[in-house]
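A.B. asks: Can you look at this prediction? I've put the sequence above it.
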Amino acid sequence: MAVISVALADRPYEVRVQPGLLSRVAEECGSRLRKQRVPIITDANVHAAWGAKVEASLLAAGHEAAWRILPPGEQTKCWLELSATVDWLLAEEVDRNDHILALGGGVIGDLTGFAASILKRGCNFIQLPTTLLAQVDSSVGGKTAINTAAGKNLVGAFHQPSLVLADPDALGTLPEREVAAGYAEVVKYGLLGDAEFFAWCEANGTKLLAGDSPTREYAVAASVTAKARIVAEDERETTGARALLNLGHTFGHALEAQTGFSSRLLHGEGVAMGMVLAARYSVRRGLMAEAEASRIAAHFAETGLPYELADLGLNCTGQSLASHMLHDKKMDAGTLPFLLMRRIGEAFLAKDVELADVSAFLDNELRG
Ligand code: NAD
Ligand code: GLY
């Protein structure tokens, strides 16, 4: 089993990665489960696929699962579900020292983490991530949030889990498109800081997507190792290190906004396209060689992820895409820090990017 420590000074925690962990949830959580009833929040798809396995583990250890089963989908990350979930946790008499389990993808992890952060001014939670995106990104690092009418993830808190159990077997029931979307976040770690890992992705990406278990386990452990190092260095995204994790996200977020945050473009798909755009924009600025950007696009082409903006059929202008960026939560006093690249494995935060130039660049890309 890979055990990765998120080495935060006052509250370090482990991310354990191994096939079969969901069958051993109670054992792995050990004395963190202090009471007979264990509150566990999930969505209906995940409950159907993995609920029985997790419940069997809890039962075998003398516990009873208190399930809260939410509707699947991004719309669940809202005030209404948050407040109903907090009321439910209060009715379950969850105390500060108890641990709430979050079984699901990023939606469940973000909502549960936020509920845990405000319940009785903060109680514990454990992440049991069941999507590739959640295993390699959202379950680690303590960002929690809900969406509001004004935008995505605009209300939330930094609240670290006490433990993360990532079981790559969980990906066996995940739709292929969701696996591919999560894979974009795996590639991100190579692009932002580890050229060798990007080369590993080139060699192994198709095998991972085809379901090869050791490849999935390696990718999750390597990604978490990269993220844990960055989070330990810059937990609250204040020094710039953690901002690197947003590579491709500013372009990607604009594309998601343009497509109405719908199933037309999943988050990871937007990030893949966004990373290609960040690379091509870096080429336009004379920062990166064109061959490097082409290599990135070729890998996404090979793994079935978006890599040509003109192919998305957006029917919009560069300016309309750039205007979504004005609402980005990274906007700071009227400027938008942008992640650009010098080469594969070296991203950096640029603070001199003009939205008008981005808009002209996007017009070119939209024309193909
Ligand atoms: P998700 O949680 O909506 O899951 C995707 C779909 O897969 C859902 O329909 C879900 O029911 C289903 N599903 C999940 N696991 C399954 C399994 N094992 N088998 C079958 N079906 C399964 O989406 P996601 O991509 O995991 O997460 C996206 C969310 O994560 C967004 O809200 C995003 O803002 C957030 N996010 C947060 C962070 C962070 O640092 N907190 C980072 C990245 C993304
Ligand atoms: N997903 C970006 C971060 O955790 O900072």
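C.D. replies: Yep, it's here. For clarity, every value in this text was computed on a predicted model and none was experimentally measured. Ligands and ions are numbered 1, 2, ... in the order given.
A.B. asks: how close does residue 174 get to ligand 2?
C.D. replies: 19 Å (CB to the nearest ligand atom, to the nearest Å). Every C-beta, even on glycine, is put in place using the N, C-alpha and C of the backbone.
A.B. asks: Please apply the same query to residue 207.
C.D. replies: As defined by CB to the nearest ligand atom, residue 207 lies at a distance of 25 Å from ligand 2.
A.B. asks: Can you pull out the low-pLDDT segments for the stretch 101-250 of the chain?
C.D. replies: By pLDDT under 70, the stretch 101-250 of the chain contains no weakly predicted segment.
A.B. asks: which bits of it sit near ligand 2?
C.D. replies: Residues of the stretch 101-250 of the chain that fall close to ligand 2, judged by CB under 6 Å from any ligand atom: 137, 141, 143, 242, 245.
A.B. asks: do you know how far the closest residue to residue 339 other than its chain neighbours is from residue 99?
C.D. replies: Counting by CB to CB, 6 or more residues apart in numbering, residue 339 lies nearest to residue 247, which is 4.5 Å off, once chain neighbours are set aside. In this view, residue 247 and residue 99 are 32 Å apart by CB to CB, to the nearest Å.
A.B. asks: Quick check: most distant residue from the centroid of the chain.
C.D. replies: No residue in the chain has its C-alpha farther from the mean C-alpha position than residue 62, which lies at 32.9 Å (CA atoms, centre = their mean).
A.B. asks: Can you name the residues that contact the nearest residue in space to that residue that is not next to it in sequence?
C.D. replies: Residue nearest to residue 62 in three dimensions, not counting chain neighbours: residue 36, with 6.9 Å by CB to CB, 6+ apart. Contacts for residue 36 were tallied using CB atoms under 8 Å, 6 or more residues apart in numbering; they are 62-64.
A.B. asks: got the residues of the stretch 251-368 of the chain near ligand 1?
C.D. replies: Within the stretch 251-368 of the chain, the positions near ligand 1 by CB under 6 Å from any ligand atom are residue 267.
A.B. asks: isn't residue 20 right up against residue 169?
C.D. replies: Yes. Using CB atoms under 8 Å, residue 20 is in contact with residue 169, at 6.1 Å.
A.B. asks: Ranking by neighbours, what's the top pick from the residues of the stretch 101-250 of the chain next to ligand 2?
C.D. replies: Each of those was scored for neighbours by other CB atoms under 10 Å, and residue 137 scores highest at 27 neighbours.
A.B. asks: Against residue 167, how distant is the residue of the stretch 151-300 of the chain found nearest ligand 1?
C.D. replies: Using CB to the nearest ligand atom, the closest approach of the stretch 151-300 of the chain to ligand 1 is made by residue 173 at 3.6 Å. Using CB to CB, one obtains 11 Å as the distance from residue 173 to residue 167.
A.B. asks: Equivalent analysis for residue 140, please.
C.D. replies: For residue 140, the distance to residue 167 equals 14 Å [CB to CB].
A.B. asks: Of all the residues in stretch 345-352, which ones are buried?
C.D. replies: Residues of stretch 345-352 classed as buried: 345-350 (neighbour count, 16 or more other CB atoms under 10 Å).
A.B. asks: Take those and keep only those in helices.
C.D. replies: Using DSSP state H, no member of these falls within helices.
A.B. asks: With pLDDT as extra columns, can I get the residues you listed in JSON lines?
C.D. replies: Formatted as JSON lines, the buried residues of stretch 345-352 follow (pLDDT from 0 to 100):
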{"residue": "345", "pLDDT": "98"}
{"residue": "346", "pLDDT": "98"}
{"residue": "347", "pLDDT": "98"}
{"residue": "348", "pLDDT": "97"}
{"residue": "349", "pLDDT": "93"}
{"residue": "350", "pLDDT": "93"}
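A.B. asks: Now intersect these with the strands, please.
C.D. replies: When DSSP state E defines the strands, the subset of those inside them is 346-350.
A.B. asks: CA atoms only for the helix or strand residue 300 falls within, dumped as PDB, please.
C.D. replies: Per DSSP states H and E, residue 300 falls inside helix 290-302. Output of helix 290-302 as PDB, limited to C-alpha atoms (Å, rounded to 0.1, in the frame of the first residue of the first chain):
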ATOM      1  CA  GLU A 290       5.900  24.900 -30.400                       C
ATOM      2  CA  ALA A 291       7.000  21.200 -30.400                       C
ATOM      3  CA  GLU A 292       6.300  21.100 -26.600                       C
ATOM      4  CA  ALA A 293       2.700  22.300 -27.100                       C
ATOM      5  CA  SER A 294       2.200  19.900 -29.900                       C
ATOM      6  CA  ARG A 295       3.400  17.000 -27.700                       C
ATOM      7  CA  ILE A 296       0.800  17.900 -25.100                       C
ATOM      8  CA  ALA A 297      -2.000  18.100 -27.700                       C
ATOM      9  CA  ALA A 298      -0.900  14.800 -29.200                       C
ATOM     10  CA  HIS A 299      -1.200  13.100 -25.800                       C
ATOM     11  CA  PHE A 300      -4.700  14.400 -25.200                       C
ATOM     12  CA  ALA A 301      -5.600  13.400 -28.800                       C
ATOM     13  CA  GLU A 302      -4.400   9.900 -28.000                       C
END
